[in-house]
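S.K.: mind folding the following:
(chains A and B)
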Amino acid sequence: MSEMEIRKDTPIDIDEGDSGIVLDDVERGLYDFKDEEREEDFFKVDEGLTEEIVKEISAAKHDPEWMLDFRLKSLEIYNRLKVPVWGPPIDGLDMAKIITYVRPKTDMKADWSEVPEDIKNAFEKLGIPKAERESLAGVGAQYDSELVYHNVREDVAKLGVVYTDMESAITGEYEDLVKKHFMKLVPPTDHKFAALHGAVWSGGSFVYVPKGVKVDIPLQSYFRLNAPGAGQFEHTLIIVEEGADVHFIEGCSAPKYNIANLHAGCVELYVGKNAHLRYSTIENWSKNMYNLNTKRAICEEGGTIEWISGSFGSHESYLYPTSILKGDGSHAEFTGVTFAGKGQNLDTGARMVHIGKNTSSFIDTKSICKSGGISTYRSSVEISSSAEGSKASVNCGSLMLDSISRSDTVPAMEVSTDKADVGHEAKIGKIDDDAVFYLMSRGIREAEARAMIVSGFANPVSKELPLEYAAEMNNLIKLEMEQG
Amino acid sequence: MADNILKVNHLPVLTWFHNQLNDAELKVSGSTEEAIRTADHPAYLVKPEFPKEINVKEGVSPSDLLKMYEEEGASINRETYVAGKYPVYHEQPFATGMGKEIDDLIVKMGAPARVIEVPENVKIKDPVYLHYLYPDGAEDVDTSLIRMGAGSELTVIQYMDSESPSGAGFAGTQTRVIMGKGAKLHLVKVQCLAEGFTYFNDMGSRLEEDSDFRYTELSLGAKESYLGTYTDQIGDESKFRADLGFIITKGTSIDINYDDVFRGKKTEGVMRFNGVLMEGARKSSRESLDFRKGSIDANGDEEENILMLGKNIENKTIPLILGEEEKVNGRHAASSGKLSEDMLFYMETRGIDERAAREMMIRSNISRVSRLIPNDEIRAAADAFIDRLFANCDGDCKNCPSHN
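M.R.: Just a heads-up that it's a prediction; the model follows:
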């Protein structure tokens, strides 16, 4: 029996459009505004995925020759690899109908006032310029396939911190550094959508933090996918040298359409000796989005990677940030919350690979599902025979808010040395009726009481986020709870 | 005849293939199939004595039994899902932990089955004892159905051992259990086979309302062991309790699939796994609590504790909690690691020397299961078998009693 043969779709008891995309959604006016894109303002490739399209993207991006070769090899790999059979069904994703490159006809700006008015309005509505003024060391803003704005504070730049778009990095003075690291952690052979990314990637950020430099306030990239039927394939490459420290935040959103959009980004993080990187994500794609994203970090001796992840949007998600603890004494933490509402099938989790001695990892996740949503927590903790003295702990909790939803936990552990301690705990349950009753007896209406309890359940994530992002996350939970 | 590679012990949902936990492969040689097909059955079962109150039928055709299950609708078909929507693999009329390919093998080999029926309200006090004694080169599969009438009670002990500690062979048991309303059964399986054996134990059960099924499994011998258990808690307030203990020595392996499916209201399922892995041991375990729609107020609790005592060990675990019902409580906990140095130190301060302390701690991990065997002789035989495992260990496992 082939892998494909064992996938037999059974009817899904939810409201679907022709594309299989659920049209019903909570009202999220903040994110759901649409900007009409005038054809003359954008450059687009044709729908689908062919060698000609890949060459066209490469030419439009002024790729060096090695990158064109890389793209074409990735395309070959993409055509060879099969769609995964173990996760949510992605039958509704038809690559022949996806536009893989949509570029606004504007150069990247370093001043908001120079960004075209319609695009600037979109980011104003999302609060990006305000956030930059108040709490960020640098901002990148991507609209469809390319960055339209990028800026880093002067005092941060003076420390030698590089924060620029990938296209500038790959065609400028950092080409060799990019070439050395680009898709080495996530090779195109990793899975079909990594290969797709390798073939058609565009946009994203390049961050370099020199040895010993500590960036006190976060850098942020915001990704907005506005074009219907388009894909976004941004590549984020961060190199944090020995003893350096940085916090990077990414946010993403899109308006809701009734045709499939695709996000297949790739994040590669290199954490040097005794360096520290925190990577925070609030993902709020619209519910017509297939979010097939790949994130991976590698830590040298004593290095630390911390992932903070909030997954709220998308029609379907495959998202499992991976930490490779190569250096002795390196450490990884993953703190995540996933909220699957009506029409969503979110398959999220983490992977920890322990190679160095005395490495440690900690996973703490919360999954919430409601109104027919499917939430799957999937993880793998792998302790190799060389990882003597390592410790790993996994804690995953699931909260089901009704009986038409589904919540699964699928955590794998592989231990190949006796000199390691691995612990795992998982729980599934419902909202405590007594807690709801208590809050209601204090004058709080039921919906609000339930939202408060769910926000409390997700607190391990929100308390790790900067205040504005924690507020945004709690707002998203409230919207889902009250309208979903 | 060509060798047969069976796909067994399927995970109820698929996950990443790199974990190699979606299923296991059991190799059955063509000559083994032929030997079992032509054997007189029951080949190696030491003549058992059954109480006169229960009905025992030998020589039942395995394909007739499968037809009967289909006609009775003995078990809801084994649906397995990825993210709730993908039926995977194949259906069995009465699901078992190892899956359909074991049924196919048994039908192909024509290994006849035994049907044990306990009439309604009949309560048997003394355990029924089934002793399988395998000589070197033995090849056998034994199949049973235990049907517990409403309100009946029984304990069954299946004890598998070898005539020679250095023998080799192939031994399989498959047991299906139907628990009538309010019935109670304690099924005990103790495997002390010689070091060259391949062993499988395939179990499936259906629990009606208010029934209470206790399952104790101790796996100590054999070169390769495959254990699969599927429990379908259909009836409201049915109870299932499973305790599995195992020791895996150098160069041997165990592959486990325990799947407890909750369908009835207020059902309770508890699974406990206690194992010791010595140098070079390989273990894969799938432990699933599967809450289906309607299992309101069900409680599932599963826990695994593994002691790792040497180099080159491969210890894989995937504990699933699958939920499509809101009002349930499911919990899983797992821990694996070496002996606690703090505990060793504490015991030494109490005058217990290090070797004795280590042995006590290792044995205590297994004795949580072995003490549940309701037969002194078999418990003593299991203890003696454990002594022999430690005495014969030629590994470099500094923590095991023979190497410190």
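S.K.: does stretch A:435-452 reach chain B?
M.R.: No. Using C-beta under 8 Å from any C-beta of the partner chain, stretch A:435-452 stays clear of chain B, coming no nearer than 12.4 Å. Any C-beta I mention is one placed from the backbone N, CA and C, and that applies to glycine too.
S.K.: any buried residues in that stretch, and which?
M.R.: Buried positions in stretch A:435-452, judged by neighbour count with 16 or more other C-beta atoms under 10 Å in any protein chain shown: A:Val436, A:Leu439, A:Ala449, A:Arg450, A:Ala451, A:Met452.
S.K.: same check on stretch B:258-271?
M.R.: Those would be B:258-265, B:267-271, for stretch B:258-271 by 16+ other C-beta under 10 Å.
S.K.: where along the stretch 151-300 of chain A do the helices fall?
M.R.: Listed in chain order, the helices of the stretch 151-300 of chain A (DSSP state H, counting those that start in this stretch) span A:154-158, A:166-171, A:175-181, A:192-200.
S.K.: which of the ones you listed has the lowest mean pLDDT?
M.R.: Lowest mean pLDDT within these: helix A:154-158, at a mean of 85.
S.K.: then that helix to CSV, C-alphas only?
M.R.: Extracted C-alpha coordinates of helix A:154-158, given in CSV (Å, rounded to 0.1, in the frame of the first residue of the first chain):
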residue,chain,number,x,y,z
GLU,A,154,21.5,54.0,14.4
ASP,A,155,22.9,53.1,17.9
VAL,A,156,22.3,49.4,17.2
ALA,A,157,23.8,49.6,13.8
LYS,A,158,26.9,51.3,15.3
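S.K.: closest point of the stretch 251-400 of chain A to chain B, which residue?
M.R.: For the stretch 251-400 of chain A, the residue closest to chain B is A:Met400, as judged by C-beta to the nearest C-beta, at 4.4 Å.
S.K.: count of neighbours near that residue?
M.R.: When neighbours are defined as other C-beta atoms under 10 Å in any protein chain shown, A:Met400 has 26 of them.
S.K.: any idea of the pLDDT on it?
M.R.: 90.
S.K.: CSV for the buried residues of stretch A:435-452, including distance to A:Pro460 and pLDDT?
M.R.: What follows is the buried residues of stretch A:435-452, written out as CSV (distance: C-beta to C-beta, whole Å; pLDDT from 0 to 100):
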residue, distance to A:Pro460, pLDDT
A:Val436, 21, 88
A:Leu439, 20, 89
A:Ala449, 20, 87
A:Arg450, 19, 86
A:Ala451, 17, 84
A:Met452, 16, 86
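S.K.: just the closest of these to B:Val369, please.
M.R.: A:Val436 (41.0 Å; C-beta to C-beta).
S.K.: wait, is that closest one part of a helix?
M.R.: Yes. Counting by DSSP: H, G, I helix; E, B strand; the rest coil, A:Val436 is found in a helix.
S.K.: just to revisit the earlier point, would you agree the residue of the stretch 251-400 of chain A closest to chain B is in contact with A:Lys430?
M.R.: Yes. With contacts counted by C-beta atoms under 8 Å, A:Met400 reaches A:Lys430, the gap being 5.9 Å.
S.K.: of the helices of the stretch 151-300 of chain A, which approaches chain B most closely?
M.R.: helix A:192-200 (13.1 Å).
S.K.: the closest one and chain B in contact?
M.R.: No. Using C-beta under 8 Å from any C-beta, helix A:192-200 stays clear of chain B, with a minimum separation of 13.1 Å.
S.K.: mind checking which of the buried residues of stretch A:435-452 are in helices?
M.R.: Those of these mapping onto helices are A:Val436, A:Leu439, A:Ala449, A:Arg450, A:Ala451, A:Met452, per DSSP state H.
S.K.: following the chain onward from whichever strand or helix holds A:Val454, which element is next?
M.R.: Applying DSSP states H and E as the criterion places A:Val454 in helix A:446-457. Note on helix A:446-457: by DSSP H and E, the next helix or strand toward the C-terminus is helix A:459-462.
S.K.: now that following helix: buried residues?
M.R.: In helix A:459-462, the ones that count as buried by 16+ other C-beta under 10 Å are A:Pro460, A:Val461, A:Ser462.
S.K.: and the gap between the spatially most central residue of chain B and B:His131?
M.R.: Note on chain B: the residue nearest the mean C-alpha position is B:Leu227, at 4.5 Å, using C-alpha atoms, centre = their mean. Per C-beta to C-beta, to the nearest Å, B:Leu227 is found 19 Å from B:His131.
S.K.: report how many residues lie close to the residue of the stretch 151-300 of chain B at minimum distance from chain A.
M.R.: Proximity of the stretch 151-300 of chain B to chain A (C-beta to the nearest C-beta) peaks at B:Lys293, 6.3 Å away. Neighbours of B:Lys293 under the rule other C-beta under 10 Å: 13.
S.K.: hang on, it in a strand?
M.R.: No. Counting by three-state DSSP, B:Lys293 is not found in a strand; it is coil.
S.K.: what's around B:Pro48, how many residues?
M.R.: The number of residues packed around B:Pro48, counting by other C-beta under 10 Å, is 16.
S.K.: next one: the one 10 residues further on
M.R.: With neighbours defined by other C-beta under 10 Å, the count for B:Glu58 comes to 13.
S.K.: likewise for B:Gly167?
M.R.: There are 17 residues near B:Gly167, going by other C-beta under 10 Å.
S.K.: mind listing what it touches?
M.R.: B:Tyr134, B:Pro135, B:Asp136, B:Gly137, B:Ala138, B:Ala194, B:Gly196, B:Phe197 (C-beta atoms under 8 Å, 6 or more residues apart in numbering or on different chains).
S.K.: cool, A:His276 as well?
M.R.: A:Val240, A:Ala244, A:Asp245, A:Val246, A:Gly303, A:Thr304, A:Glu306.
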